[in-house]
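> got a predicted structure plus its sequence, pasted below:
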Amino acid sequence: MATRVATIGLSWGLSAFRMKGFPWFPVSTLLILALVAIFADVIAPHSPEVGSLGARFKPPAWQEGGTSQYILGTDHLGRDVFSRLLFGARVSIVVGLLAVVVAGTLGTALGILSGYMGKWVDQIVMRVTDTWLALPALTFAIFLAAILGPSEMNIVIILSAVYWTRYARVIRGEVLSLKEREFVRLAVVAGCSKWTIMKRHILPNVLNSAIVLASLQLGVVIVAEASLSFLGVGVPPPKPAWGLMLADGKKGLMAGYWWLTVLPGLCIMLMVLSANLLGDWLRVKLDPQLRQL
Amino acid sequence: MKRFILKRLGYSLISLCLLALTIFLFVRLTGDPTVLLVEPGASREDMAMVRQQLGLDRSLPVQFMAFVADMLRGDFGKSFYYRTPVLELYMSRLPSSLALAAAAMAFSLVIGIPSGIIAAVKVGKFGDNAGKVFALLGLSMPQFWVGLLLILFFSVYLGWLPSSGSGTIWHLIMPAFALGWYFAAAHMRITRSSMLEVLGSEYVKLARLKGLPEKRVIVKHALKNALIPVLTLAGINLVLMVNVAVVVETVFAWPGIGRLLYEGIAFRDFPVVQATVLLGGSMIVIVNLVVDVLYAVIDPRIRLGA
């Protein structure tokens, strides 16, 4: 099974590369950011969490007063901004990917269950989905964060709990039409159990949509994590998260320490923009039904 | 018609109940709610007293009924920090939030609708692509970062606009822009797709066949009809803006509901956090209901389909 999946993945990957209009910009940006996140320990010239108070608010190297020791300057505690940005990529990617995978798995499972079982299961899942969709996502996330307290693990839980609804809704819609297709009906006639049908026949057919949705949600989730960290209910200090860096940067804003505000935001924007572009491309390539989204 | 409205009303009521239940359960399932509902640093005796007052020794269903009954009476508890009823506090902040939302909405429509029209009329050309880039940036830049950049540029470097606070129209410009951009992108997208649909319709073709000038076809025939979904979305978004402005209001120290929520977190003022989330969710459930019913009144296909 695993090899089969691997081969399918490989052949899909190769054909994707041959496709015209391959999104080189977002893919290479995300790859670079991923590499930076993995090798942050090796690349970073300084510790991301410990600074020297003697070197507070140093500007980037090319500006007057800057030194080559701190290429992108230092923050209010004298910590190296460049090193913090590198480690920040790690936090964003790990939290973002984990939250998207957990939310996607949960939402897809509930969507399949709701769509295939119908009746009261469908009613319950859809009513809960509608209610949770009604809550403004960020406000709901803040509420949960206020209860659970700040930590990276809690953010993954919170973001997954908030963002599974979209998958459930879309996947359920697809399952409703899949249910009427010949191959599913034949499986029922052949005596397959409901569980087998959902796993063998429905799941592989909704995976494309789930992947597209996940890629579109990655950007949303990264911004949400940054917002929570910015508000002080996300990643706890002194961990280097981009949202937290922006919150710290606000302290030096009125004094014109631009690098503390511009650089972390630029990183968030690059990552989110790349995720959105990649998601858009995947949507058109993989899932014609989602083109209207 | 009556059946549709009743059914929709039923769904909304279920949603409101589930909303209350969600909040209620989350508060209780994640630990002892007295820790959240008692002021930080309270003594053991105080906690025991609150536990009894809140009836936390009773069964969960009984507690839930009491919780709902309190809310229906408009009793959302008292703020620890301000020492006033939470509802009063909420109402005192609502006008500021509405003012910000209205300004952000105006901005998002002024930018979103024209750029959406241009994108639809010039599909695949420069105008369309420029619009796409604008929309993509609006969706990709975190609102609080846009806010911080605006402060850096217009307050710190140029000194044109006040960096935070409220009171004058000048205070409103930057927060409205930061909040509105994201929504401008959404409004642009829907204007574009709605215009494209209308431009392909029979009556627009007829208007062109009649020999009307293109400008007139677009403005008089197409736009009028294409605006219906745009304005619907705008209506829903206005309510959303009141409730999602928390980061923008925090950046600009704007005294609205978002700021209230932030203060609720910062001061560990849990009744405030709980009420803000509950009221925000309820507002959106109700607006969705109103929009659905209005649509059903206008368009019989919807109520018959449902």
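Alright, I've got the coordinates.

> three-state assignment of the residue of the stretch 101-250 of chain B found nearest chain A?
Among all residues of the stretch 101-250 of chain B, B:Trp145 sits closest to chain A, at 3.6 Å; criterion: C-beta to the nearest C-beta. All C-beta atoms are positioned from the backbone trio N, CA, C, and that covers glycine. Put simply, B:Trp145 is helix when judged by DSSP: H, G, I helix; E, B strand; the rest coil.

> do the helix or strand containing A:Ile147 and chain B meet?
Taking DSSP states H and E as the definition, A:Ile147 sits inside helix A:137-148. Yes. Against chain B, helix A:137-148 shows contacts by C-beta under 8 Å from any C-beta of the partner chain at A:Leu138, A:Thr139, A:Phe140, A:Ile142, A:Phe143, A:Leu144, A:Ala145, A:Ala146, A:Ile147, A:Leu148.

> hey, what's the angle from the helix or strand containing A:Val128 to helix A:137-148? Just curious.
Element membership for A:Val128, per DSSP H and E: helix A:119-134. Angle, helix A:119-134 to helix A:137-148, by axes from the mean of the first three to the mean of the last three C-alpha atoms, to 10 degrees: 100 degrees.

> which residues sit against helix A:119-134?
Contact partners of helix A:119-134, identified using C-beta atoms under 8 Å, 6 or more residues apart in numbering or on different chains, comprise A:110-111, A:113-115, A:140, A:162, A:165-166, A:168-169, A:172, B:11, B:14-15, B:18-19, B:22, B:281, B:284-285, B:288.

> now, which of the residues you listed lie within helices?
Of those, the ones assigned to helices by DSSP state H are A:110-111, A:113-115, A:140, A:162, A:165-166, A:168-169, A:172, B:11, B:14-15, B:18-19, B:22, B:281, B:284-285, B:288.

> so which other helices or strands are in contact with the helix holding A:Ile147?
Here helix A:137-148 touches helix A:152-163, helix A:203-231, helix B:2-29, helix B:224-244, helix B:246-252, helix B:257-266, helix B:270-298, going by 3 or more C-beta pairs under 8 Å, 6 or more residues apart in numbering or on different chains; DSSP states H and E.

> swap the cut-off to 10 Å and go again
Helix A:137-148 sits against helix A:152-163, helix A:203-231, helix B:2-29, helix B:33-37, helix B:224-244, helix B:246-252, helix B:257-266, helix B:270-298, with contacts defined as 3 or more C-beta pairs under 10 Å, 6 or more residues apart in numbering or on different chains; DSSP states H and E.

> output the fifth one as CSV, restricted to C-alpha atoms.
The reference is to helix B:224-244. The C-alpha trace of helix B:224-244 is given here as CSV (Å, rounded to 0.1, in the frame of the first residue of the first chain):
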residue,chain,number,x,y,z
LYS,B,224,-27.2,46.9,-11.3
ASN,B,225,-27.9,43.2,-11.4
ALA,B,226,-24.3,42.1,-10.5
LEU,B,227,-24.4,44.2,-7.3
ILE,B,228,-27.0,42.0,-5.5
PRO,B,229,-24.6,39.3,-4.4
VAL,B,230,-21.9,41.9,-3.7
LEU,B,231,-24.2,43.9,-1.3
THR,B,232,-25.3,40.7,0.4
LEU,B,233,-21.8,39.7,1.1
ALA,B,234,-21.1,43.3,2.2
GLY,B,235,-23.9,43.1,4.7
ILE,B,236,-22.6,39.9,6.2
ASN,B,237,-19.1,41.3,6.2
LEU,B,238,-20.1,44.4,8.1
VAL,B,239,-21.1,42.2,11.0
LEU,B,240,-18.0,40.2,10.6
MET,B,241,-15.9,43.4,10.7
VAL,B,242,-17.3,44.3,14.1
ASN,B,243,-16.2,40.9,15.4
VAL,B,244,-12.8,40.3,13.8
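
> can you give me the neighbour number for the closest residue to B:Lys122 other than its chain neighbours?
Among residues not flanking B:Lys122 along the chain, B:Asp128 sits closest, at 5.3 Å (C-beta to C-beta, 6 or more residues apart in numbering or on different chains). When neighbours are counted by other C-beta atoms under 10 Å in any protein chain shown, B:Asp128 registers 17.

> picking that back up, closest to B:Arg83 out of the residues of helix A:137-148 next to chain B?
A:Ala146 (19.7 Å; C-beta to C-beta).

> what's the offset of the one helix or strand B:Asp128 maps to from the middle of its chain?
Take DSSP H and E as the rule and B:Asp128 turns out to sit in helix B:126-140. Relative to its chain's centre, helix B:126-140 lies at 23 Å (C-alpha atoms, centre = their mean, to the nearest Å).

> what comes up buried for it?
If you call a residue buried by 16 or more other C-beta atoms under 10 Å in any protein chain shown, then helix B:126-140 has these buried ones: B:Gly127, B:Asp128, B:Gly131, B:Lys132, B:Phe134, B:Ala135, B:Leu136, B:Gly138, B:Leu139, B:Ser140.

> send the alpha carbons of that helix over as CSV?
Output of helix B:126-140 as CSV, limited to C-alpha atoms (Å, rounded to 0.1, in the frame of the first residue of the first chain):
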residue,chain,number,x,y,z
PHE,B,126,-3.5,44.3,-17.3
GLY,B,127,-6.5,45.5,-15.3
ASP,B,128,-7.5,42.0,-14.4
ASN,B,129,-4.0,40.9,-13.4
ALA,B,130,-3.4,44.1,-11.4
GLY,B,131,-6.7,43.4,-9.5
LYS,B,132,-5.6,39.8,-8.8
VAL,B,133,-2.3,41.0,-7.4
PHE,B,134,-4.1,43.5,-5.2
ALA,B,135,-6.5,40.9,-4.0
LEU,B,136,-3.9,38.4,-3.3
LEU,B,137,-1.8,40.9,-1.3
GLY,B,138,-4.9,41.9,0.7
LEU,B,139,-5.4,38.2,1.6
SER,B,140,-1.8,37.5,2.3
